[in-house]
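Chemist: what shape does this take:
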Amino acid sequence: MKLTLEDLVSLTTGRIVRQGESTELTGMAALDEAGHEDVSFLGNEKYYQDFLQTKAGVILIPPGVPEDPAPPESATLIEVENPSHAFGEVVKKFVTAHSKFVPGIHPAAFVAEGVSLNPDKVSVKAGAIIESGVSIGDSTEIGAGVVVCEDVVIGENCVLHANSTVRERCVLGNHVTLQPGAVIGSDGYGYALVDGKHEKIDQVGIVVLEDHVDIGANSTVDRARFGRTVVGEGTKLDNLVQIGHNVRIGKHCLIVAQSGLAGSTHMGDYVTMAAQTGSVGHVKIHDRAVFTARAVASKDMKGDTVYMGMPARPIQEEQKKKAALARLPKLITQVRDLQKRVDEMEK
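Modeler: Residues are numbered from 1 along each chain as shown. Okay, the predicted model is just below:
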C-alpha cells in the first residue's frame, strides 16, 4: 500500500510546513529506524535528537517546533495538533490494508447447537469452542483456542484473540477487544471461614464489558458475587491487570500493567491508574483522578486530583514528605552535634 502526501494531510488533518523529496510513503517507523519511504512522528521532546537525524520521508510534528535546527531537507514536515494520535491513524491505515477479515467457521472449531451467529459474517478460528446459547454479532472474530461459555452475548466488530476465555452469561458490547489469555468472568475471590475452614462463596453474577473496551493480555475481570462487574465504555486495561468482583469502572478509564482493583471498588469516568497501582475493597474513586505508579487507594478518593504513594495522597503533599525524608540524614547529624554540645555544656 502507498500513501501520497495529499492522503496523509487528509488523514491527519494536518498541513505541510516543509516539502521534502518523498511523494509516496509505503510504511511507518520510529524516528531512529525510519527510511525515506516511511512516516514517523515527534511525540515527545526526549526524541528530539532522533528527530534531527532521522531519515524518515515524512515527519508528523506538533505546533511550535523550532525551524532551526531542523532534520534533513529530504523529510517533509506535516504539522498536526497531536502527532501521536495522528500517527496512530496512519498506522491503522497501513494495518487495515494488510489485514483481512475472513468470515467462516474453521473445521477444527467446535460450535454447539443453539449458537446464534451468521457464519457468513463471523470468523471462528481453529480450536475455538463456542458453547450453547451464545450470541455473536456480525464482523466479530473468535481467535484460535478461544473458549466462549454458555449464554454469553458478544456484540459486533469484536476481536477475541487466541486463548482468551469468556465465562457463562457474561456480556460484551460492540468493538470489544480481548488480547491473548484474557479471562472474563472467572469466579470472584470469596470465601467464608466456617468451622475453621475456608468455604467457597458462590459467585453467581456476571461481567459486562461496554462498547469499545480493550482488555490486555493475561488480564482478568472477575464475575460479581451477585449482580454485575462492569467495565465502562471506552476503558482500556493493559496486560496483567486484575479486576475483582463487583467492581464498577466508569467510562474512558486507563488502567496500566500489574494494577489491581479489589472487590466492590467503584471508579468514576476518565480515571488513570499507572503501573502497579491498586485499591482496597469498597472504596470510591471519583472522576478524573490520576494515580502515579504504585499508588494505592486506601479510602474514598476525590476526583480531579493527582495521587502518589502508599497509601495514596495528593502528589504535592507526598512530594513534600519525600523531600523532608531526604533531609533526614543531615538533620540526624545536626541533632547529634547539638547533643554533644549540650553534654559538654552540662559538664
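
Chemist: which regions of the stretch 51-200 of the chain sit below the pLDDT cut-off?
Modeler: Along the stretch 51-200 of the chain, segments meeting pLDDT under 70 span 97-98.

Chemist: mind listing the helices for it?
Modeler: In the stretch 51-200 of the chain, the segments counted as helices under DSSP state H, counting those that start in this stretch are 83-98.

Chemist: can you pull the domain assignment for this protein?
Modeler: Domain segmentation of the chain under automatic domain parsing yields 3-98, 104-318.

Chemist: among those domains, show me which one is buried the most.
Modeler: domain 104-318 (a mean of 19; mean count of other Cβ atoms under 10 Å). Any C-beta I mention is one placed from the backbone N, CA and C, and that applies to glycine too.

Chemist: how far does it sit from the chain's center?
Modeler: 12 Å (Cα atoms, centre = their mean, to the nearest Å).

Chemist: so where does the residue lying closest to Leu31 once chain neighbours are set aside fall, helix or strand?
Modeler: Spatial nearest neighbour of Leu31, excluding adjacent residues (Cβ to Cβ, 6 or more residues apart in numbering): Asp50 at 3.9 Å. Using DSSP states H and E, Asp50 sits in helix 48-53.

Chemist: pull the residues that contact that helix.
Modeler: Under the contact criterion Cβ atoms under 8 Å, 6 or more residues apart in numbering, helix 48-53 has outside partners 30-32, 42, 59, 61, 69-71.

Chemist: go again with 7 Å.
Modeler: Outside helix 48-53, the residues that touch it by Cβ atoms under 7 Å, 6 or more residues apart in numbering are 31-32, 42, 59, 69, 71.

Chemist: among the domains of the chain, which is nearest Lys340?
Modeler: domain 104-318 (34.2 Å; Cβ to Cβ).

Chemist: now the end-to-end length of that closest one.
Modeler: Distance across domain 104-318, first residue to last, is 56 Å (Cα to Cα, to the nearest Å).

Chemist: just to revisit the earlier point, ok, so of the contacts of helix 48-53, who is nearest Val280?
Modeler: Of the contacts of helix 48-53, the one sitting nearest to Val280 (Cβ to Cβ) turns out to be Leu42, at 40.9 Å.

Chemist: what's the distance between the closest one and Ile16?
Modeler: 15 Å (Cβ to Cβ, to the nearest Å).

Chemist: do the same with Val153
Modeler: 47 Å.

Chemist: over to Arg169?
Modeler: 53 Å.

Chemist: what segments of the stretch 1-150 of the chain are strands?
Modeler: Under the criterion DSSP state E, counting those that start in this stretch, the stretch 1-150 of the chain contains strands at 3-4, 15-18, 24-25, 27-28, 38-41, 58-61, 76-79, 104-105, 110-111, 123-124, 129-130, 135-136, 141-142, 147-148.

Chemist: if you count contacts, what does the second one end up packed against?
Modeler: Secondary-structure packing of strand 15-18 (3 or more Cβ pairs under 7 Å, 6 or more residues apart in numbering; DSSP states H and E): helix 5-12, strand 76-79.

Chemist: repeat for the third one
Modeler: In terms of contact count using 3+ Cβ pairs under 7 Å, 6+ apart, strand 24-25 is assigned no packing partners among helices or strands.

Chemist: so how far is that strand off the chain centroid?
Modeler: 31 Å.

Chemist: of all the strands of the stretch 1-150 of the chain, which lies closest to Pro314?
Modeler: Nearest to Pro314, of these and by Cβ to Cβ, is strand 38-41 at 33.6 Å.

Chemist: which residues touch that closest one?
Modeler: Everything outside strand 38-41 that qualifies as a contact, by Cβ under 7 Å, 6+ apart, is 8, 25, 27-31, 34, 54, 56-60, 83-84, 86-87, 90.
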